[in-house]
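> coords please:
(one chain, ligands or ions: 1)
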Amino acid sequence: MEIKAIRGMNDILPEDVSKWRFVEETARRIFALYGFEELRTPILERTELFLRGIGDDTDVVEKQMYTFTDKGGESVSLRPEATASVLRAVIEHGLLTEDPIRKLYSLGPMFRYERPQKGRYRQFHQINAERLGEEGPFSDAETLQLAYVLATSLGLKNVTMEVNSLGCEDCRAQFKKALQEFLMKQADRLCPDCSRRMRTNPLRVLDCKAASCKEAVIGAPVIEDFLCSDCRDHYQQVLASLDAFGVPFRKNPNLVRGLDYYTRTTFEITAEGLGSQNAVAGGGRYDSLVKTLGGPETPGIGFAFGMERIIMLLGESIMPAYGCFIVAQGDEEVRRYAIGLLTELRSAGIAAESVPEKSFKAQMRRAGKSGYPLCAIIGEDELKDSMVTIKNLEDSSQVKIARADAREKIAALLKDRGENA
Ligand code: HAM
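Just a heads-up that it's a prediction; the model follows:
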């Protein structure tokens, strides 16, 4: 029987890898501009880390973790997100003692046992950023701007940034109380999950996707009205700095995030074209999390992008493969001549491929499939005259050039094409 991949876990096939690379390389380039360093953590962690870090009344911890007991009898979980792991590593290695301000990014797979659908998988990948040690509104605004720049640099169109403040523990407690009182009156309209959550974690009811819950929360109290003066000032300054950074945003008073560690600023970036799973990135401030995980009191803010969702939005519009297919028609000597060009192009950093033992027709077919914009054709005539015929595979135009100029000419043609793409 054929063995298939696990539901919700995808292979990334060769034809898509160039998109993944583009996304990873863009992320690395943008993070470098903002002084972020890369940190890599294990995929498997002690379950306790996520229970404490994310909150045991969240969907992620309650329903979605891949948790098992290892051979030593310890409960371990595949990471459902990166933040808790990054902070664990920061605390464990004393990174904040070396430098009280750290800006760290990570790329990699996360695991959540969710019901798979378009844009929602059980293994998915995140671009994750964490910024530790700064509590002022500048760091919020700059982090949100970084996320926005990342989205636009990746070529995402029609992106919307929604922002909210969840306040600190003090003002949130007041809000929770008022919200709970409001929800009690709506209890019979709430879904079973929310009927329970109303008591334990009423903010999550605001985020429920069930139609009846969406209706039930119309007219609910709004967190902004409950912010204490420090949180209100902070929020106002974040919004003003976002203007200064030139980031377009929309306030969304119902934006509560699915993880429990957030304080004050929270945000999400949504994009058209994703259907119901339309959040391409989400994040926010978490000023108590480092302490909760056993580290020194340290404010922090961060975000994560879902890479599968970015890739879906990129569609087919990604750069062409940068390379040249070499077609050789003739005897051993022609093939040698082709091998010379193949080697020269590769050592100049230009991708090149050839299947010189196949028929001319089969070689041309492979050239067409290669995705390269150019093909170099070498036959008896080219060999005799020390020339190469370059065919543009997109418009079928051809030029014959001296073999000695071939590498330079091919590089120039590929460069022009890249710039005009
Ligand atoms: P999150 O909102 O749970 O936040 O996930 C961030 C992004 O990961 C989402 O906006 C979405 O694009 C993607 N994502 C989440 N679940 C799935 C899934 N099942 N399939 C495909 N994509 C998915 C966090 O994870 C926080 N740790 C972000 C953060 C970092 N906050 C502070 N620092």
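> how about the residues of the stretch 201-350 of the chain near the ligand?
258-259, 279-284, 302-304, 306, 308-309 (C-beta under 6 Å from any ligand atom). (Each C-beta comes from the backbone N, C-alpha and C, glycine too.)
> now the two most distant members of those.
G284 and E308 (21.5 Å; C-beta to C-beta).
> which of the two has more neighbours?
Taking other C-beta atoms under 10 Å, G284 and E308 do not tie; G284 has more neighbours (27 against 21).
> could you say which helix or strand holds the more buried one?
Using DSSP states H and E, G284 sits within strand 279-285.
> pLDDT of that strand, averaged?
What strand 279-285 shows for mean pLDDT is 97.
> stretch 359-369 too?
Across stretch 359-369, the average pLDDT comes to 93.
> go through it and flag the buried ones.
363-364, 366-367 (16 or more other C-beta atoms under 10 Å).
> hang on, the earlier thing: remind me what the helix or strand that the strand holding G284 is followed by packs against, helices and strands.
Using DSSP H and E, the helix or strand that follows strand 279-285 in sequence is helix 289-292. Helix 289-292 sits against helix 47-54, helix 83-92, with contacts defined as 3 or more C-beta pairs under 8 Å, 6 or more residues apart in numbering; DSSP states H and E.
> any part of the shortest one near the ligand?
Which is helix 47-54. No: judged by C-beta under 6 Å from any ligand atom, helix 47-54 stays clear of the ligand, getting no closer than 8.2 Å.
> check whether stretch 61-71 contacts the ligand.
No: against the ligand, stretch 61-71 shows no contacts by C-beta under 6 Å from any ligand atom, the least distance being 8.0 Å.
> just the strands in the stretch 1-150 of the chain please.
With strands called from DSSP state E, counting those that start in this stretch, the stretch 1-150 of the chain shows them at 37-38, 44-46, 67-69, 75-78, 102-111, 123-132.
> for the stretch 251-400 of the chain, same thing?
263-271, 279-285, 300-306, 323-328, 351-354, 374-378, 387-392, 398-402.
> could I get the ones you listed as TSV with distance to L413?
Formatted as TSV, these follow (distance: least, C-beta to C-beta, whole Å):
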stretch	distance to L413
strand 263-271	34
strand 279-285	35
strand 300-306	34
strand 323-328	9
strand 351-354	13
strand 374-378	6
strand 387-392	7
strand 398-402	9
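> which one of the ones you listed lies closest to I30?
strand 300-306 (11.0 Å).
> re earlier: adding distance to E162 and mean pLDDT, write the helices and strands packed on helix 289-292 out as JSON lines.
Formatted as JSON lines, those follow (distance: least, C-beta to C-beta, whole Å; pLDDT from 0 to 100):
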{"stretch": "helix 47-54", "distance to E162": "21", "mean pLDDT": "95"}
{"stretch": "helix 83-92", "distance to E162": "20", "mean pLDDT": "98"}
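> what's the most buried one of the ones you listed?
Most buried of those by mean neighbour count (mean count of other C-beta atoms under 10 Å) is helix 83-92; its value is a mean of 22.
> what packs against that helix?
Partner elements for helix 83-92 (3+ C-beta pairs under 8 Å, 6+ apart): strand 44-46, helix 47-54, strand 102-111, strand 123-132, helix 289-292, strand 300-306.
> that helix to strand 123-132, inter-axis angle?
50 degrees (axes from the mean of the first three to the mean of the last three C-alpha atoms, to 10 degrees).
> and the angle from helix 83-92 to strand 300-306?
140 degrees.
> only C-alpha atoms, please: export helix 83-92 in PDB.
Output in PDB follows, covering the C-alpha atoms of helix 83-92 (Å, rounded to 0.1, in the frame of the first residue of the first chain):
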ATOM      1  CA  THR A  83       8.000  32.700  21.200                       C
ATOM      2  CA  ALA A  84       8.100  30.500  24.300                       C
ATOM      3  CA  SER A  85      11.100  28.500  22.900                       C
ATOM      4  CA  VAL A  86      13.000  31.700  22.000                       C
ATOM      5  CA  LEU A  87      12.500  33.100  25.500                       C
ATOM      6  CA  ARG A  88      13.500  29.800  27.100                       C
ATOM      7  CA  ALA A  89      16.700  29.900  25.100                       C
ATOM      8  CA  VAL A  90      17.400  33.500  26.000                       C
ATOM      9  CA  ILE A  91      16.900  32.800  29.700                       C
ATOM     10  CA  GLU A  92      18.800  29.500  29.600                       C
END
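> which other residues reach that helix?
39, 41-42, 45, 49-50, 52-54, 79, 95-96, 102, 104, 106, 128, 130, 132, 259, 261, 286, 289-290, 293-295, 300, 302, 304 (C-beta atoms under 8 Å, 6 or more residues apart in numbering).
> circling back: nearest to the ligand among the buried residues of stretch 359-369?
R366 (35.0 Å; C-beta to the nearest ligand atom).
> any idea how far the closest one is from R417?
R366 sits 20 Å away from R417, going by C-beta to C-beta, to the nearest Å.
> before we move on, back to that, most neighbours per residue, which of the strands of the stretch 1-150 of the chain?
strand 123-132 (a mean of 24).
> what average pLDDT does it get?
Mean predicted confidence for strand 123-132 is 98.
> relative orientation of it and strand 279-285 in degrees?
For strand 123-132 against strand 279-285, the angle by the same axes, to 10 degrees is 30 degrees.
> what packs against strand 123-132?
By 3+ C-beta pairs under 8 Å, 6+ apart, strand 123-132 packs against helix 14-33, helix 83-92, strand 102-111, helix 137-153, strand 300-306, helix 307-314.
> dump these into JSON lines; add distance to S359 as well.
Shown next, in JSON lines, are those (distance: least, C-beta to C-beta, whole Å):
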{"stretch": "helix 14-33", "distance to S359": "24"}
{"stretch": "helix 83-92", "distance to S359": "54"}
{"stretch": "strand 102-111", "distance to S359": "43"}
{"stretch": "helix 137-153", "distance to S359": "44"}
{"stretch": "strand 300-306", "distance to S359": "45"}
{"stretch": "helix 307-314", "distance to S359": "36"}
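> highest mean neighbour count out of the ones you listed?
Mean neighbour counts for these (mean count of other C-beta under 10 Å) peak at strand 300-306, with a mean of 24.
> kindly export that strand (C-alpha atoms) in PDB.
In PDB, the C-alpha atoms belonging to strand 300-306 read as follows (Å, rounded to 0.1, in the frame of the first residue of the first chain):
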ATOM      1  CA  GLY A 300       9.200  42.200  25.000                       C
ATOM      2  CA  ILE A 301       7.300  42.500  21.700                       C
ATOM      3  CA  GLY A 302       7.300  40.300  18.700                       C
ATOM      4  CA  PHE A 303       5.400  38.800  15.800                       C
ATOM      5  CA  ALA A 304       5.200  35.900  13.400                       C
ATOM      6  CA  PHE A 305       4.300  35.500   9.800                       C
ATOM      7  CA  GLY A 306       2.800  32.300   8.400                       C
END
